[in-house]
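Participant: okay, predicted coordinates and the sequence, questions at the end:
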Amino acid sequence: MRSPKLIVDYYLDMFFAGRCDDAFHGLIEHNADIVPHLIEACANVDDADFQRFVIDVFSTFREASSIGFLRRALIQ
């Protein structure tokens with residue numbers, strides 16, 4: 001089994017290669033252990049499409065650990 005960070009890296013590469021649907025469905029197939037790594041990735045990317053993508057992924061997990069990120073995204 002790959003680590004959550006490697007999973008996130010793999011699917012984010014897919015997202016940035018234009019395979020957004022594949023990346024979305026790949027991420028939501030995994031458990032919420034990937035949420036902190038997605039949050040970390042968002043800190044390094046200033047792109048509205050990417051932020052929306054991550055919000056969509058987070059909405060499928062409904063994890064308390066993503067609340068801070070979602071709150072900041074709503075304020076922006």
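Facilitator: Received the coordinates, thanks. Numbers count the residues shown, from 1 in each chain.
Participant: low-scoring stretches of the chain, by residue?
Facilitator: Of all residues in the chain, those with pLDDT under 70 make up the ranges 1, 63, 65-66, 76.
Participant: quick one, strands of it?
Facilitator: Using DSSP state E, the strands of the chain do not appear at all; there are none.
Participant: what about the helices in it?
Facilitator: 4-16, 20-28, 35-43, 48-61, 67-75 (DSSP state H).
Participant: could you export these as CSV, including mean neighbour count?
Facilitator: Where C-beta positions appear, they are placed from N, C-alpha and C, glycine not excepted. Shown next, in CSV, are the helices of the chain (neighbours: other CB atoms under 10 Å):
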stretch, mean neighbour count
helix 4-16, 17
helix 20-28, 16
helix 35-43, 17
helix 48-61, 16
helix 67-75, 12
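Participant: would you mind measuring from the residue nearest to residue 2 when sequence neighbours are not counted to residue 35?
Facilitator: Counting by CB to CB, 6 or more residues apart in numbering, residue 2 lies nearest to residue 10, which is 7.6 Å off, once chain neighbours are set aside. Counting by CB to CB, to the nearest Å, the separation of residue 10 from residue 35 is 16 Å.
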